[in-house]
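Mind looking at a prediction? Sequence and model below.
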Amino acid sequence: MKKSINIVFLLLALASGIAGCQKSFLEVTPAGKIIAEKTNDYNLLLNSLTLGNQFMTHSQAMGDEMAAIEPYYSGITLQQQRSFQWEDNIYEPNEDAPEITYPTKALYVYNVVINEVLNSTGGTAGEKEALQAEALAGRAWVYLQLVNTFAKPFNSATAATDPGFPIVKEANVTMNSFPRATVKEVYDFIVDDLKAAIPNLSPTPYHRFRMSRPAAEALLGKTYLFMGMYNEALEQLTAAMTDLAASTYPVRLYDYNITFGPGGQFLPVTIFGPTLPNLYNNEESLYSRQTMGDWTTASNALPLSPATVALYGQSDLRRNFMSTIPYPSGAAFPLGMARKAGPFSPIIGMVVPDIYLMRAEVKARLNDLPGAKADIEALRVKRMPAADAPVPDAISTNKNTLVKFILEERIREFAGLGYRWFDMRRLSVDPDFKSTVNTKHIVYSATGEAQSTFTLRPERLTFKIPPKVLSQNPGMVDNQ
């Protein structure tokens, strides 16, 4: 009984973010060692809300699909303004950075499970290996977020020397030295964790909150895409799609022609956006990790830019996630701009639309143009009337134009949710497609005049290490 009470207390403590006494790079809650003994104790740890709530929001403001509009822009926080303006420092010296605190809390839990579960009691060897595999893949997801926030985009020519992120393999809050591994070392670490995990993961998802084999395969495919390793990415993304096709657990694309049709599941569409299923019932979610939607549902300060809105055809049902009217009411935004009206909590784990779009992109890059066309149209036919879904021949028969179309489709699918920032990073080191990254953010007046323009410098494709973390860890090297 005492063991069970300790585990429940731990989960509550982790979920609420109680701070421990040790101040270090690992801003985590436990003071000492998690008390777990039985295999099921470690199973419960993987249900912790700490793992699912990853409230890293500033990348939403930094995407090139966003604009700003007054007078709303003047009323948002200084952190939010600094993010939109691509400033060097987002945080004050006394402020915690959620891009550090949430992932490292999750990292602590994963390391506990990885290092201890095989010696637990009451479970079979297969059960223990499966739990360790979930934690390995979960740790890999965390590190993919960290290295794509606090390190330069992966560049094969410089990755072996570019500062990455500290690799922490132990659940030890007394650690006080955190040297930064290189970008290559971090990516190798992610790949190794996923390769070790995949054979022992369930081939069929059994809960959206928990890692499965197709989720890990998709994550490995995404990692390879970020590394520019397109053949390897295609192999893993295809494996994920194959496993999903055989799954008895409902993980699929929603057909917006149905969900927004008469009596549809996503109706009514209100000032808060469509009526969506919650995180754990959303059938497009393969691995449920969520963040807060700073610019979704009820915010007017950072609407989608005029160029972004112009990417959508009139019959594109993704327009239901946009509103040209401020919240809660008022005159329409100028220049056709629109606020993002949902989802309230964007899913940033692994989602089915992302798998389709990633595979379409790598197929196009590898000159499988018919295959790429088929994948993107399989998504588009679920987002608009079938007659409007086909990619025009003038686009689909040319590699460069098709890749650009797929990149624009990624904006149409994920606008305002933070995904674009990570695409901008990888595209910035892509000699063929770096011109697709817009480096200007504009603040507009209420009548549509450009009041201020901010320019993205290459250095700010990487977050600086937050000042509070640097002060607590004097030996840690900052980014430029």
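Yep, it's here.

Dump stretch 324-335 to PDB, restricted to CA.
Taking Å, rounded to 0.1, in the frame of the first residue of the first chain, the C-alpha atoms of stretch 324-335 are listed here in PDB:
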ATOM      1  CA  THR A 324     -12.000  36.800 -40.100                       C
ATOM      2  CA  ILE A 325     -13.800  38.300 -37.200                       C
ATOM      3  CA  PRO A 326     -11.900  39.200 -33.900                       C
ATOM      4  CA  TYR A 327     -12.800  37.400 -30.700                       C
ATOM      5  CA  PRO A 328     -15.400  37.900 -29.400                       C
ATOM      6  CA  SER A 329     -16.700  40.300 -32.000                       C
ATOM      7  CA  GLY A 330     -15.900  43.300 -34.100                       C
ATOM      8  CA  ALA A 331     -15.100  44.500 -37.600                       C
ATOM      9  CA  ALA A 332     -13.300  42.100 -39.900                       C
ATOM     10  CA  PHE A 333      -9.500  42.000 -39.900                       C
ATOM     11  CA  PRO A 334      -7.900  44.000 -42.700                       C
ATOM     12  CA  LEU A 335      -6.300  42.500 -45.800                       C
END
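
which of the residues in it are buried?
Thr324, Pro326, Tyr327, Phe333, Pro334, Leu335 (16 or more other Cβ atoms under 10 Å). Every residue, glycine included, has its C-beta placed from N, CA and C.

farthest-separated two in these?
Distances among those were taken as Cβ to Cβ; the most separated pair is Tyr327 and Leu335, at 18.1 Å.

returning to what we had before: please render the buried residues of stretch 324-335 as JSON lines that adds distance to Asp375 and secondary structure to the earlier fields.
Formatted as JSON lines, the entries for the buried residues of stretch 324-335 read as follows, by distance: Cβ to Cβ, whole Å; DSSP: H, G, I helix; E, B strand; the rest coil:
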{"residue": "Thr324", "distance to Asp375": "31", "secondary structure": "coil"}
{"residue": "Pro326", "distance to Asp375": "37", "secondary structure": "coil"}
{"residue": "Tyr327", "distance to Asp375": "35", "secondary structure": "coil"}
{"residue": "Phe333", "distance to Asp375": "33", "secondary structure": "coil"}
{"residue": "Pro334", "distance to Asp375": "36", "secondary structure": "helix"}
{"residue": "Leu335", "distance to Asp375": "33", "secondary structure": "helix"}
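
Out of those, the closest to Ala140 would be?
Using Cβ to Cβ, Tyr327 is the member of those that sits closest to Ala140, with 37.2 Å.

List the residues that contact that closest one.
Contacts were defined as Cβ atoms under 8 Å, 6 or more residues apart in numbering; by that measure Tyr327 touches Ile271, Thr297, Ala298, Ser299, Asn300, Arg339.

host element of Ala160?
With elements taken from DSSP states H and E, nothing contains Ala160; it lies in neither a helix nor a strand.

Counting neighbours, what do you get for it?
Using other Cβ atoms under 10 Å, Ala160 is surrounded by 11 other residues.

go on, the one 5 residues further on?
When neighbours are counted by other Cβ under 10 Å, Phe165 registers 24.

Where does pLDDT dip in the protein?
Residue ranges of the chain with pLDDT under 70: 1-34, 173-176.

Just give me the residue right at the centre of it.
Ile348 (3.5 Å; Cα atoms, centre = their mean).

In the longest helix seen in the chain, which residues are buried?
Longest helix in the chain, counting residues (DSSP state H): helix 125-150. Neighbour-count burial for helix 125-150, with 16+ other Cβ under 10 Å as criterion, is recorded at 127-150.

Over to stretch 111-130?
Buried residues in stretch 111-130, counted by 16+ other Cβ under 10 Å: Asn111, Val112, Val113, Ile114, Glu116, Val117, Ser120, Gly123, Glu127, Lys128, Glu129, Ala130.

Tell me the one of the residues you listed nearest Gln480?
Asn111 (29.9 Å).

residues contacting that closest one?
Contact analysis of Asn111 by Cβ under 8 Å, 6+ apart lists Ala135, Arg139, Val168, Lys169, Glu170, Ala171.
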